[in-house]
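**Student:** Fold the following for me, if possible:
(2 chains)
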2 protein chains.
Amino acid sequence: MAAETSPAVETIDFSSGRRKAQVAMLLYPDCTLLDFAGPHTALVPYADIHLVWETLDPVITDSGVTVHPTMTFEQCPAELDVLFVPGGTGQTRAVLNQKALHFLTDRGAQAKYVTSVCTGALVLGAAGLLNGYRAGTHWSVRDLLPLVGATPVNERVVIDGNRITGGGITAGIDFGLTLLAKLVDEEAAQTSQLAMEYAPEPPFDAGLPEQAPPAVVERLTTMMAGPIGEITRALEDLRPGDTDRPIR
Amino acid sequence: MAAETSPAVETIDFSSGRRKAQVAMLLYPDCTLLDFAGPHTALVPYADIHLVWETLDPVITDSGVTVHPTMTFEQCPAELDVLFVPGGTGQTRAVLNQKALHFLTDRGAQAKYVTSVCTGALVLGAAGLLNGYRAGTHWSVRDLLPLVGATPVNERVVIDGNRITGGGITAGIDFGLTLLAKLVDEEAAQTSQLAMEYAPEPPFDAGLPEQAPPAVVERLTTMMAGPIGEITRALEDLRPGDTDRPIR
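**Tutor:** Numbers count the residues shown, from 1 in each chain, chains lettered A, B, ... in the order given. Prediction:
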(Lines give C-alpha, C1' and ligand atoms only; values in the text may rest on other atoms or scores of the structure.)
Protein backbone atom coordinates (compact mmCIF):
# COMPACT_ATOMS: atom_id res chain seq x y z
CA MET A 1 0.00 0.00 0.00
CA ALA A 2 1.19 3.45 -0.88
CA ALA A 3 0.10 4.77 2.50
CA GLU A 4 3.02 2.92 4.14
CA THR A 5 5.60 4.84 2.14
CA SER A 6 3.92 8.24 2.43
CA PRO A 7 5.56 10.98 4.49
CA ALA A 8 3.90 11.68 7.83
CA VAL A 9 1.28 14.41 7.56
CA GLU A 10 0.55 16.64 10.52
CA THR A 11 -2.24 19.11 10.93
CA ILE A 12 -0.69 22.55 10.99
CA ASP A 13 -2.34 25.26 13.02
CA PHE A 14 -2.55 27.94 10.37
CA SER A 15 -5.46 29.56 12.22
CA SER A 16 -3.02 30.60 14.94
CA GLY A 17 -1.77 33.27 12.57
CA ARG A 18 1.79 32.00 12.64
CA ARG A 19 1.88 31.64 8.87
CA LYS A 20 -0.40 30.91 5.94
CA ALA A 21 -0.24 27.65 4.06
CA GLN A 22 1.94 27.85 0.95
CA VAL A 23 -0.05 26.50 -1.98
CA ALA A 24 1.21 26.20 -5.56
CA MET A 25 -1.30 25.63 -8.35
CA LEU A 26 0.06 24.74 -11.79
CA LEU A 27 -1.46 27.23 -14.26
CA TYR A 28 -0.84 25.68 -17.67
CA PRO A 29 -2.33 26.75 -21.03
CA ASP A 30 -5.80 25.26 -21.53
CA CYS A 31 -6.19 24.13 -17.96
CA THR A 32 -9.77 24.38 -16.67
CA LEU A 33 -10.62 27.59 -14.80
CA LEU A 34 -13.20 25.97 -12.52
CA ASP A 35 -10.79 23.17 -11.55
CA PHE A 36 -8.66 25.65 -9.65
CA ALA A 37 -11.28 28.35 -8.94
CA GLY A 38 -13.11 25.96 -6.59
CA PRO A 39 -10.21 25.00 -4.32
CA HIS A 40 -8.71 28.51 -4.67
CA THR A 41 -11.87 30.06 -3.23
CA ALA A 42 -12.09 27.49 -0.44
CA LEU A 43 -8.44 27.81 0.61
CA VAL A 44 -7.60 31.46 0.02
CA PRO A 45 -8.61 32.87 3.44
CA TYR A 46 -6.02 30.55 4.97
CA ALA A 47 -3.35 30.31 2.29
CA ASP A 48 -0.89 32.12 0.08
CA ILE A 49 -1.83 30.66 -3.27
CA HIS A 50 0.68 30.86 -6.09
CA LEU A 51 -0.40 30.31 -9.70
CA VAL A 52 2.77 28.91 -11.20
CA TRP A 53 3.95 28.58 -14.78
CA GLU A 54 7.04 28.91 -16.97
CA THR A 55 6.68 32.67 -17.41
CA LEU A 56 4.43 35.40 -16.03
CA ASP A 57 2.75 35.84 -19.42
CA PRO A 58 -1.04 35.53 -19.26
CA VAL A 59 -2.34 31.98 -19.69
CA ILE A 60 -5.55 31.20 -21.59
CA THR A 61 -7.63 28.55 -19.85
CA ASP A 62 -9.66 26.03 -21.83
CA SER A 63 -12.89 28.02 -21.54
CA GLY A 64 -11.15 31.08 -22.97
CA VAL A 65 -10.70 33.04 -19.74
CA THR A 66 -7.22 34.59 -19.54
CA VAL A 67 -5.52 34.43 -16.13
CA HIS A 68 -2.17 35.72 -14.86
CA PRO A 69 0.40 33.42 -13.28
CA THR A 70 1.78 34.91 -10.07
CA MET A 71 5.11 33.06 -10.07
CA THR A 72 7.47 31.21 -12.35
CA PHE A 73 8.73 27.72 -11.56
CA GLU A 74 11.99 29.24 -10.31
CA GLN A 75 10.22 31.74 -8.04
CA CYS A 76 8.01 29.14 -6.38
CA PRO A 77 8.96 28.24 -2.79
CA ALA A 78 10.84 24.94 -2.50
CA GLU A 79 8.82 23.76 0.46
CA LEU A 80 5.11 23.77 -0.16
CA ASP A 81 2.19 22.78 2.01
CA VAL A 82 0.18 21.95 -1.09
CA LEU A 83 1.15 21.18 -4.67
CA PHE A 84 -1.97 21.21 -6.86
CA VAL A 85 -2.60 20.42 -10.53
CA PRO A 86 -5.90 21.22 -12.26
CA GLY A 87 -7.19 19.32 -15.28
CA GLY A 88 -7.97 20.71 -18.69
CA THR A 89 -7.80 20.11 -22.40
CA GLY A 90 -4.17 21.29 -22.27
CA GLN A 91 -3.32 18.22 -20.20
CA THR A 92 -1.39 16.53 -23.02
CA ARG A 93 0.83 19.52 -23.69
CA ALA A 94 1.43 19.81 -19.93
CA VAL A 95 2.44 16.14 -19.82
CA LEU A 96 4.90 16.72 -22.68
CA ASN A 97 6.39 19.83 -21.03
CA GLN A 98 9.68 18.78 -19.43
CA LYS A 99 10.00 21.93 -17.34
CA ALA A 100 6.52 21.44 -15.90
CA LEU A 101 7.18 17.77 -15.09
CA HIS A 102 10.51 18.65 -13.53
CA PHE A 103 8.83 21.33 -11.38
CA LEU A 104 6.16 18.87 -10.24
CA THR A 105 8.66 16.10 -9.48
CA ASP A 106 10.85 18.49 -7.51
CA ARG A 107 8.16 20.22 -5.46
CA GLY A 108 6.13 17.04 -5.13
CA ALA A 109 9.00 15.29 -3.36
CA GLN A 110 8.81 17.86 -0.54
CA ALA A 111 5.21 19.10 -0.46
CA LYS A 112 3.07 18.15 2.54
CA TYR A 113 0.15 17.40 0.23
CA VAL A 114 0.39 16.42 -3.45
CA THR A 115 -2.98 17.02 -5.05
CA SER A 116 -5.07 17.35 -8.19
CA VAL A 117 -8.57 17.75 -9.54
CA CYS A 118 -9.96 16.25 -12.73
CA THR A 119 -7.38 15.25 -15.35
CA GLY A 120 -4.71 16.98 -13.27
CA ALA A 121 -4.15 13.48 -11.83
CA LEU A 122 -2.75 12.40 -15.20
CA VAL A 123 -0.30 15.31 -15.17
CA LEU A 124 0.74 14.53 -11.59
CA GLY A 125 1.04 10.91 -12.64
CA ALA A 126 3.20 11.75 -15.63
CA ALA A 127 5.62 13.34 -13.16
CA GLY A 128 5.73 10.04 -11.27
CA LEU A 129 3.80 11.36 -8.30
CA LEU A 130 0.93 8.87 -8.22
CA ASN A 131 2.94 5.68 -8.71
CA GLY A 132 1.57 3.14 -6.23
CA TYR A 133 -1.23 5.39 -5.00
CA ARG A 134 -5.01 5.15 -5.16
CA ALA A 135 -6.35 8.12 -7.11
CA GLY A 136 -9.41 9.80 -8.59
CA THR A 137 -9.82 11.82 -11.77
CA HIS A 138 -12.51 12.85 -14.27
CA TRP A 139 -14.82 9.88 -14.91
CA SER A 140 -13.95 9.85 -18.62
CA VAL A 141 -10.25 9.08 -18.07
CA ARG A 142 -10.35 7.01 -14.89
CA ASP A 143 -9.21 3.95 -16.85
CA LEU A 144 -5.99 5.75 -17.78
CA LEU A 145 -4.70 5.97 -14.21
CA PRO A 146 -2.89 2.60 -14.38
CA LEU A 147 -0.72 4.13 -17.15
CA VAL A 148 0.86 6.28 -14.42
CA GLY A 149 0.98 3.47 -11.88
CA ALA A 150 -2.11 4.58 -9.94
CA THR A 151 -5.11 2.51 -8.85
CA PRO A 152 -8.36 4.14 -10.08
CA VAL A 153 -10.98 4.86 -7.43
CA ASN A 154 -14.53 5.90 -8.28
CA GLU A 155 -14.88 8.46 -5.50
CA ARG A 156 -15.24 12.24 -5.54
CA VAL A 157 -12.22 12.89 -3.31
CA VAL A 158 -9.60 10.17 -2.89
CA ILE A 159 -7.12 10.36 -0.01
CA ASP A 160 -4.12 8.05 0.06
CA GLY A 161 -1.38 9.15 2.42
CA ASN A 162 -0.53 12.72 1.45
CA ARG A 163 -2.03 12.33 -2.03
CA ILE A 164 -5.47 13.90 -2.37
CA THR A 165 -7.02 13.66 -5.83
CA GLY A 166 -10.48 14.88 -6.82
CA GLY A 167 -12.90 13.86 -9.54
CA GLY A 168 -13.96 16.06 -12.46
CA ILE A 169 -14.08 19.88 -12.43
CA THR A 170 -16.70 20.68 -9.75
CA ALA A 171 -15.18 18.04 -7.44
CA GLY A 172 -12.60 20.75 -6.78
CA ILE A 173 -14.96 22.39 -4.31
CA ASP A 174 -15.41 19.20 -2.26
CA PHE A 175 -11.67 18.59 -2.60
CA GLY A 176 -10.79 22.12 -1.46
CA LEU A 177 -12.97 21.94 1.65
CA THR A 178 -11.66 18.46 2.51
CA LEU A 179 -8.08 19.67 2.16
CA LEU A 180 -8.78 22.80 4.22
CA ALA A 181 -10.11 20.70 7.11
CA LYS A 182 -6.77 18.84 7.11
CA LEU A 183 -4.59 21.93 6.65
CA VAL A 184 -6.35 23.98 9.34
CA ASP A 185 -9.38 22.41 11.01
CA GLU A 186 -13.05 21.57 10.50
CA GLU A 187 -14.23 24.99 11.61
CA ALA A 188 -12.10 26.66 8.94
CA ALA A 189 -13.60 24.38 6.29
CA GLN A 190 -17.12 25.04 7.56
CA THR A 191 -16.44 28.78 7.48
CA SER A 192 -15.32 28.58 3.85
CA GLN A 193 -18.30 26.39 3.02
CA LEU A 194 -20.73 28.91 4.53
CA ALA A 195 -18.94 31.85 2.87
CA MET A 196 -19.31 30.04 -0.47
CA GLU A 197 -22.92 29.11 0.37
CA TYR A 198 -22.06 25.58 -0.66
CA ALA A 199 -25.40 23.85 -0.22
CA PRO A 200 -25.67 22.53 -3.78
CA GLU A 201 -28.96 21.80 -5.54
CA PRO A 202 -28.15 20.41 -8.99
CA PRO A 203 -31.15 21.04 -11.24
CA PHE A 204 -30.72 17.64 -12.93
CA ASP A 205 -29.49 14.23 -11.89
CA ALA A 206 -26.83 13.98 -14.57
CA GLY A 207 -23.47 14.60 -12.90
CA LEU A 208 -22.16 11.05 -13.25
CA PRO A 209 -22.27 8.64 -16.19
CA GLU A 210 -24.21 6.21 -13.98
CA GLN A 211 -26.92 8.89 -13.55
CA ALA A 212 -27.06 10.82 -16.83
CA PRO A 213 -29.29 9.79 -19.73
CA PRO A 214 -27.39 7.38 -22.04
CA ALA A 215 -27.68 9.81 -24.96
CA VAL A 216 -25.90 12.49 -22.90
CA VAL A 217 -23.11 10.11 -21.90
CA GLU A 218 -22.68 9.05 -25.52
CA ARG A 219 -22.68 12.64 -26.80
CA LEU A 220 -19.98 13.68 -24.36
CA THR A 221 -17.91 10.52 -24.84
CA THR A 222 -17.86 11.20 -28.58
CA MET A 223 -16.88 14.85 -28.01
CA MET A 224 -13.99 13.83 -25.76
CA ALA A 225 -12.65 10.92 -27.82
CA GLY A 226 -9.99 13.05 -29.54
CA PRO A 227 -8.39 14.58 -26.43
CA ILE A 228 -8.59 11.25 -24.58
CA GLY A 229 -6.79 9.48 -27.45
CA GLU A 230 -4.11 12.17 -27.34
CA ILE A 231 -3.41 11.92 -23.60
CA THR A 232 -3.49 8.11 -23.78
CA ARG A 233 -0.73 8.08 -26.38
CA ALA A 234 1.31 10.65 -24.46
CA LEU A 235 1.10 8.62 -21.24
CA GLU A 236 1.92 5.38 -23.06
CA ASP A 237 5.07 7.05 -24.39
CA LEU A 238 6.04 8.26 -20.92
CA ARG A 239 5.37 4.92 -19.24
CA PRO A 240 8.03 3.71 -16.78
CA GLY A 241 10.40 1.40 -18.59
CA ASP A 242 10.93 3.71 -21.55
CA THR A 243 14.70 4.12 -21.77
CA ASP A 244 14.64 7.81 -22.68
CA ARG A 245 12.16 8.83 -20.01
CA PRO A 246 13.91 11.69 -18.21
CA ILE A 247 11.59 11.90 -15.19
CA ARG A 248 11.25 9.37 -12.33
CA MET B 1 -46.28 41.12 -9.63
CA ALA B 2 -43.20 41.72 -11.69
CA ALA B 3 -43.90 38.67 -13.85
CA GLU B 4 -46.77 40.52 -15.51
CA THR B 5 -44.53 43.31 -16.72
CA SER B 6 -41.65 41.07 -17.80
CA PRO B 7 -40.87 40.71 -21.49
CA ALA B 8 -41.88 37.41 -23.04
CA VAL B 9 -39.06 34.89 -23.00
CA GLU B 10 -38.77 32.26 -25.71
CA THR B 11 -36.52 29.27 -25.77
CA ILE B 12 -33.95 29.82 -28.48
CA ASP B 13 -32.68 26.84 -30.38
CA PHE B 14 -28.97 27.47 -30.02
CA SER B 15 -28.27 23.77 -30.43
CA SER B 16 -29.27 24.08 -34.09
CA GLY B 17 -25.94 25.75 -34.71
CA ARG B 18 -27.50 28.91 -36.10
CA ARG B 19 -25.72 31.09 -33.58
CA LYS B 20 -24.33 30.94 -30.07
CA ALA B 21 -25.97 32.76 -27.20
CA GLN B 22 -24.41 36.17 -26.56
CA VAL B 23 -23.58 36.41 -22.87
CA ALA B 24 -22.03 39.44 -21.15
CA MET B 25 -20.54 39.02 -17.68
CA LEU B 26 -19.58 42.18 -15.79
CA LEU B 27 -15.93 41.76 -14.73
CA TYR B 28 -15.40 44.43 -12.09
CA PRO B 29 -12.42 44.82 -9.72
CA ASP B 30 -12.79 42.56 -6.66
CA CYS B 31 -15.64 40.55 -8.10
CA THR B 32 -15.57 36.89 -7.05
CA LEU B 33 -13.85 34.52 -9.49
CA LEU B 34 -16.01 31.51 -8.62
CA ASP B 35 -19.23 33.52 -9.06
CA PHE B 36 -18.60 33.71 -12.79
CA ALA B 37 -16.38 30.65 -13.23
CA GLY B 38 -19.33 28.38 -12.40
CA PRO B 39 -21.84 29.72 -14.94
CA HIS B 40 -19.04 30.40 -17.44
CA THR B 41 -18.06 26.73 -17.44
CA ALA B 42 -21.67 25.56 -17.69
CA LEU B 43 -22.58 27.90 -20.55
CA VAL B 44 -19.41 28.15 -22.62
CA PRO B 45 -20.01 25.19 -24.96
CA TYR B 46 -23.19 26.94 -26.12
CA ALA B 47 -22.32 30.62 -25.79
CA ASP B 48 -20.01 33.45 -26.74
CA ILE B 49 -19.17 34.81 -23.31
CA HIS B 50 -17.86 38.34 -23.04
CA LEU B 51 -16.12 39.52 -19.86
CA VAL B 52 -16.94 43.20 -19.92
CA TRP B 53 -15.42 46.17 -18.13
CA GLU B 54 -14.43 49.83 -18.65
CA THR B 55 -11.07 48.98 -20.20
CA LEU B 56 -9.25 45.84 -21.30
CA ASP B 57 -6.72 46.22 -18.47
CA PRO B 58 -6.45 43.11 -16.29
CA VAL B 59 -8.89 43.00 -13.38
CA ILE B 60 -7.94 41.58 -9.98
CA THR B 61 -10.75 39.48 -8.49
CA ASP B 62 -11.38 39.42 -4.75
CA SER B 63 -9.39 36.22 -4.21
CA GLY B 64 -6.38 37.78 -5.92
CA VAL B 65 -6.64 36.00 -9.28
CA THR B 66 -6.06 38.41 -12.18
CA VAL B 67 -8.35 37.97 -15.19
CA HIS B 68 -8.56 39.77 -18.55
CA PRO B 69 -11.73 41.47 -19.73
CA THR B 70 -12.51 40.54 -23.33
CA MET B 71 -14.56 43.65 -24.18
CA THR B 72 -15.18 47.19 -23.04
CA PHE B 73 -18.68 48.52 -22.36
CA GLU B 74 -18.66 50.17 -25.79
CA GLN B 75 -17.59 46.99 -27.59
CA CYS B 76 -20.28 44.82 -26.00
CA PRO B 77 -23.16 43.84 -28.31
CA ALA B 78 -26.31 45.89 -27.76
CA GLU B 79 -28.59 42.89 -27.87
CA LEU B 80 -27.64 40.19 -25.41
CA ASP B 81 -29.19 36.86 -24.63
CA VAL B 82 -27.81 37.06 -21.10
CA LEU B 83 -26.61 39.95 -18.96
CA PHE B 84 -24.86 38.58 -15.86
CA VAL B 85 -23.37 40.22 -12.77
CA PRO B 86 -21.22 38.29 -10.27
CA GLY B 87 -20.89 39.27 -6.62
CA GLY B 88 -17.72 40.19 -4.78
CA THR B 89 -16.18 42.47 -2.22
CA GLY B 90 -15.87 45.12 -4.96
CA GLN B 91 -19.67 45.33 -5.07
CA THR B 92 -19.79 48.78 -3.46
CA ARG B 93 -17.33 50.32 -5.88
CA ALA B 94 -19.28 48.73 -8.74
CA VAL B 95 -22.50 50.24 -7.38
CA LEU B 96 -20.84 53.66 -7.27
CA ASN B 97 -19.47 53.35 -10.81
CA GLN B 98 -21.75 55.40 -13.08
CA LYS B 99 -20.39 53.87 -16.29
CA ALA B 100 -21.02 50.36 -14.99
CA LEU B 101 -24.57 51.21 -13.87
CA HIS B 102 -25.26 52.90 -17.20
CA PHE B 103 -24.00 49.82 -19.07
CA LEU B 104 -26.21 47.54 -16.97
CA THR B 105 -29.29 49.72 -17.35
CA ASP B 106 -28.80 49.96 -21.09
CA ARG B 107 -28.09 46.28 -21.83
CA GLY B 108 -30.54 45.11 -19.18
CA ALA B 109 -33.39 46.85 -20.97
CA GLN B 110 -32.85 44.66 -24.03
CA ALA B 111 -31.31 41.42 -22.75
CA LYS B 112 -33.41 38.25 -22.94
CA TYR B 113 -32.26 37.27 -19.44
CA VAL B 114 -31.03 39.65 -16.73
CA THR B 115 -29.11 37.65 -14.17
CA SER B 116 -26.77 37.58 -11.20
CA VAL B 117 -25.13 35.36 -8.62
CA CYS B 118 -24.35 36.27 -5.03
CA THR B 119 -24.13 40.00 -4.27
CA GLY B 120 -24.29 40.69 -7.99
CA ALA B 121 -28.03 41.09 -7.32
CA LEU B 122 -27.28 44.28 -5.40
CA VAL B 123 -25.33 45.67 -8.34
CA LEU B 124 -28.12 44.74 -10.76
CA GLY B 125 -30.54 46.29 -8.31
CA ALA B 126 -28.53 49.51 -8.07
CA ALA B 127 -29.01 49.81 -11.82
CA GLY B 128 -32.76 49.57 -11.31
CA LEU B 129 -33.03 46.12 -12.83
CA LEU B 130 -34.64 44.25 -9.92
CA ASN B 131 -37.28 46.81 -9.01
CA GLY B 132 -40.51 44.87 -8.45
CA TYR B 133 -38.90 41.46 -8.88
CA ARG B 134 -38.41 38.52 -6.56
CA ALA B 135 -34.68 37.85 -6.18
CA GLY B 136 -32.00 35.81 -4.46
CA THR B 137 -28.52 36.80 -3.32
CA HIS B 138 -25.84 35.73 -0.80
CA TRP B 139 -27.53 34.81 2.51
CA SER B 140 -25.63 37.53 4.37
CA VAL B 141 -27.18 40.42 2.38
CA ARG B 142 -30.62 39.04 1.56
CA ASP B 143 -32.20 41.66 3.82
CA LEU B 144 -30.74 44.42 1.63
CA LEU B 145 -32.76 43.49 -1.46
CA PRO B 146 -35.70 45.76 -0.53
CA LEU B 147 -33.28 48.72 -0.81
CA VAL B 148 -33.28 48.07 -4.57
CA GLY B 149 -37.00 47.38 -4.72
CA ALA B 150 -36.69 43.58 -4.83
CA THR B 151 -38.47 40.98 -2.74
CA PRO B 152 -35.95 38.65 -1.02
CA VAL B 153 -36.40 34.92 -1.64
CA ASN B 154 -34.50 32.27 0.31
CA GLU B 155 -33.90 29.95 -2.63
CA ARG B 156 -30.76 28.90 -4.45
CA VAL B 157 -31.96 30.02 -7.88
CA VAL B 158 -34.83 32.50 -8.14
CA ILE B 159 -36.69 32.92 -11.43
CA ASP B 160 -39.09 35.81 -11.90
CA GLY B 161 -39.95 36.56 -15.51
CA ASN B 162 -36.64 37.03 -17.31
CA ARG B 163 -34.77 37.76 -14.07
CA ILE B 164 -32.75 34.81 -12.78
CA THR B 165 -30.76 35.46 -9.61
CA GLY B 166 -28.67 32.93 -7.72
CA GLY B 167 -27.60 32.65 -4.10
CA GLY B 168 -24.01 32.91 -2.86
CA ILE B 169 -20.88 32.01 -4.88
CA THR B 170 -21.30 28.26 -5.57
CA ALA B 171 -24.98 28.78 -6.43
CA GLY B 172 -23.56 29.97 -9.74
CA ILE B 173 -23.21 26.37 -10.88
CA ASP B 174 -26.87 25.55 -10.20
CA PHE B 175 -27.80 28.92 -11.73
CA GLY B 176 -25.71 28.29 -14.86
CA LEU B 177 -27.22 24.86 -15.50
CA THR B 178 -30.74 26.18 -14.89
CA LEU B 179 -30.15 29.04 -17.32
CA LEU B 180 -28.63 26.70 -19.92
CA ALA B 181 -31.73 24.50 -19.87
CA LYS B 182 -33.78 27.61 -20.71
CA LEU B 183 -31.36 28.99 -23.31
CA VAL B 184 -30.90 25.68 -25.14
CA ASP B 185 -32.62 22.63 -23.66
CA GLU B 186 -32.42 20.09 -20.84
CA GLU B 187 -30.06 17.81 -22.74
CA ALA B 188 -27.56 20.66 -23.14
CA ALA B 189 -27.70 21.34 -19.41
CA GLN B 190 -27.30 17.66 -18.60
CA THR B 191 -24.32 17.47 -20.97
CA SER B 192 -22.64 20.39 -19.19
CA GLN B 193 -23.47 18.86 -15.81
CA LEU B 194 -21.86 15.55 -16.79
CA ALA B 195 -18.84 17.30 -18.34
CA MET B 196 -18.39 19.18 -15.03
CA GLU B 197 -19.02 15.97 -13.05
CA TYR B 198 -21.47 17.95 -10.97
CA ALA B 199 -22.59 15.36 -8.45
CA PRO B 200 -21.64 17.33 -5.35
CA GLU B 201 -20.72 15.75 -2.02
CA PRO B 202 -20.06 18.57 0.47
CA PRO B 203 -17.80 17.22 3.22
CA PHE B 204 -19.72 19.18 5.88
CA ASP B 205 -23.29 20.32 6.39
CA ALA B 206 -22.43 23.99 6.74
CA GLY B 207 -23.40 25.68 3.48
CA LEU B 208 -26.30 27.69 4.90
CA PRO B 209 -26.61 29.69 8.12
CA GLU B 210 -29.51 27.41 9.11
CA GLN B 211 -27.12 24.41 8.90
CA ALA B 212 -23.71 25.69 10.00
CA PRO B 213 -22.58 25.64 13.64
CA PRO B 214 -23.56 28.94 15.35
CA ALA B 215 -19.90 29.78 16.04
CA VAL B 216 -19.16 29.57 12.29
CA VAL B 217 -22.11 31.80 11.40
CA GLU B 218 -21.03 34.32 14.02
CA ARG B 219 -17.40 34.29 12.88
CA LEU B 220 -18.35 34.95 9.28
CA THR B 221 -20.99 37.53 10.13
CA THR B 222 -18.38 39.47 12.10
CA MET B 223 -15.89 39.20 9.23
CA MET B 224 -18.44 40.55 6.75
CA ALA B 225 -19.88 43.37 8.88
CA GLY B 226 -17.63 46.03 7.34
CA PRO B 227 -18.35 45.31 3.66
CA ILE B 228 -22.07 44.84 4.40
CA GLY B 229 -22.23 48.22 6.15
CA GLU B 230 -20.50 49.79 3.14
CA ILE B 231 -22.89 48.39 0.53
CA THR B 232 -25.89 49.21 2.74
CA ARG B 233 -24.91 52.89 2.88
CA ALA B 234 -24.24 52.98 -0.86
CA LEU B 235 -27.64 51.48 -1.68
CA GLU B 236 -29.40 53.80 0.76
CA ASP B 237 -27.84 56.74 -1.06
CA LEU B 238 -28.93 55.39 -4.44
CA ARG B 239 -32.49 54.65 -3.32
CA PRO B 240 -35.25 55.74 -5.73
CA GLY B 241 -36.45 59.19 -4.71
CA ASP B 242 -32.98 60.70 -4.47
CA THR B 243 -33.21 63.78 -6.68
CA ASP B 244 -29.71 63.48 -8.11
CA ARG B 245 -29.90 59.80 -8.93
CA PRO B 246 -28.91 59.62 -12.59
CA ILE B 247 -29.99 56.03 -13.30
CA ARG B 248 -33.54 54.66 -13.59
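**Student:** what's the span of stretch A:139-148 from first residue to last?
**Tutor:** Using Cα to Cα, to the nearest Å, one end of stretch A:139-148 lies 16 Å from the other.
**Student:** buried set for that stretch?
**Tutor:** A:W139, A:S140, A:V141, A:R142, A:L144, A:L145, A:L147, A:V148 (16 or more other Cβ atoms under 10 Å in any protein chain shown). Where C-beta positions appear, they are placed from N, C-alpha and C, glycine not excepted.
**Student:** How about stretch A:143-162?
**Tutor:** Buried residues in stretch A:143-162, counted by 16+ other Cβ under 10 Å: A:144-145, A:147-150, A:152-153, A:156-162.
**Student:** Let me have the buried residues of stretch A:139-148 in a markdown table, adding pLDDT and secondary structure as columns.
**Tutor:** Listed next are the buried residues of stretch A:139-148 as a markdown table, based on pLDDT from 0 to 100; DSSP: H, G, I helix; E, B strand; the rest coil:
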| residue | pLDDT | secondary structure |
| --- | --- | --- |
| A:W139 | 98 | helix |
| A:S140 | 97 | helix |
| A:V141 | 98 | helix |
| A:R142 | 98 | helix |
| A:L144 | 98 | helix |
| A:L145 | 98 | helix |
| A:L147 | 97 | helix |
| A:V148 | 97 | helix |
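**Student:** Can you tell me which of those is closest to chain B?
**Tutor:** Set against chain B, the nearest of those by Cβ to the nearest Cβ is A:W139 (6.0 Å).
**Student:** so what's that closest one up against?
**Tutor:** Residues counted as contacts of A:W139 (Cβ atoms under 8 Å, 6 or more residues apart in numbering or on different chains) are A:N154, A:G167, A:G168, A:L208, A:P209, B:E197.
**Student:** What part of chain A, helix or strand, is modelled with the least confidence?
**Tutor:** helix A:2-5 (a mean of 36; mean pLDDT, DSSP states H and E).
**Student:** Work out the gap between whatever helix or strand A:Q193 lives in and the centre of the chain.
**Tutor:** Here A:Q193, judged by DSSP states H and E, is contained in helix A:186-195. In terms of Cα atoms, centre = their mean, to the nearest Å, the centre of helix A:186-195 is found 21 Å from the chain centre.
**Student:** Show me what that helix is packed against.
**Tutor:** Applying 3 or more Cβ pairs under 8 Å, 6 or more residues apart in numbering or on different chains; DSSP states H and E, one finds that helix A:186-195 contacts helix A:33-43, helix A:171-183, helix B:214-238.
**Student:** for the record, mean pLDDT for that helix?
**Tutor:** Helix A:186-195 carries an average pLDDT of 97.
**Student:** between the contacts of A:W139, which is nearest A:L130?
**Tutor:** Of all these, A:L130 sits closest to A:G167, with 14.6 Å by Cβ to Cβ.
**Student:** For the closest one, give me the pLDDT.
**Tutor:** 98.
**Student:** what's the spacing between it and B:T119?
**Tutor:** According to Cβ to Cβ, to the nearest Å, A:G167 and B:T119 sit 29 Å apart.
**Student:** Low-confidence bits of chain A, can you list those?
**Tutor:** Residues of chain A that meet the criterion pLDDT under 70 lie in A:1-18, A:240-248.
**Student:** dump the residue contacts of the residue of chain A most remote from its centre.
**Tutor:** Taking Cα atoms, centre = their mean, the residue of chain A most remote from its mean C-alpha position is A:A215, at 28.7 Å. Residues in contact with A:A215 (Cβ under 8 Å, 6+ apart) are B:E187.
**Student:** Narrow the contacts of A:W139 to just the buried residues.
**Tutor:** Buried among these by 16+ other Cβ under 10 Å: A:G167, A:G168, A:L208, A:P209, B:E197.
**Student:** The closest residue to the third one other than its chain neighbours and A:W139: what is the separation?
**Tutor:** It refers to A:L208. Nearest non-adjacent residue to A:L208, counting by Cβ to Cβ, 6 or more residues apart in numbering or on different chains: B:A199, 4.7 Å away. For B:A199, the distance to A:W139 (Cβ to Cβ) stands at 9 Å.
**Student:** Spit out the residues that contact those two alike.
**Tutor:** Joint contacts of B:A199 and A:W139 (Cβ under 8 Å, 6+ apart) are A:L208.
**Student:** At the geometric centre of chain A, which residue do we find?
**Tutor:** Note: chain A centre (Cα atoms, centre = their mean) maps to A:S116, 1.5 Å.
**Student:** who's that one bridged to?
**Tutor:** On the basis of DSSP bridges, A:S116 is bridged to A:V85, A:T165.
**Student:** I figured it was touching A:V85, is that so?
**Tutor:** Yes: shown here, A:S116 and A:V85 form a contact pair, counting by Cβ atoms under 8 Å, at 4.4 Å.
**Student:** any common contacting residues for those two?
**Tutor:** A:V123, A:L124.
**Student:** who does the helix or strand where A:F103 lies touch, helix- and strand-wise?
**Tutor:** Element membership of A:F103, judged by DSSP H and E, is helix A:98-108. On a contact count with 3+ Cβ pairs under 8 Å, 6+ apart, helix A:98-108 meets strand A:21-26, strand A:82-85, helix A:120-126.
**Student:** For A:A195, which non-adjacent residue is spatially closest?
**Tutor:** A:A195's closest residue in space is B:L220 (Cβ to Cβ, 6+ apart), at 5.8 Å.
**Student:** and the one you found, how many neighbours?
**Tutor:** 19 (other Cβ atoms under 10 Å in any protein chain shown).
**Student:** Would you reformat the helices and strands packed on helix A:98-108 as a markdown table and include mean neighbour count?
**Tutor:** Shown next, in a markdown table, are these (neighbours: other Cβ atoms under 10 Å in any protein chain shown):
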| stretch | mean neighbour count |
| --- | --- |
| strand A:21-26 | 25 |
| strand A:82-85 | 30 |
| helix A:120-126 | 30 |
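**Student:** could you dump those to a markdown table with distance to B:T66?
**Tutor:** Formatted as a markdown table, the helices and strands packed on helix A:98-108 follow (distance: least, Cβ to Cβ, whole Å):
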| stretch | distance to B:T66 |
| --- | --- |
| strand A:21-26 | 14 |
| strand A:82-85 | 18 |
| helix A:120-126 | 21 |
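**Student:** A:F204: which of these is closest?
**Tutor:** helix A:120-126 (25.6 Å).
**Student:** Adjacent strands (with direction) for the helix or strand just after that closest one?
**Tutor:** Counting by DSSP H and E, the element after helix A:120-126 in chain order, helix or strand, is strand A:134-135. Sheet pairing here is set by DSSP bridges, and for strand A:134-135 it gives strand A:151-152 (parallel).
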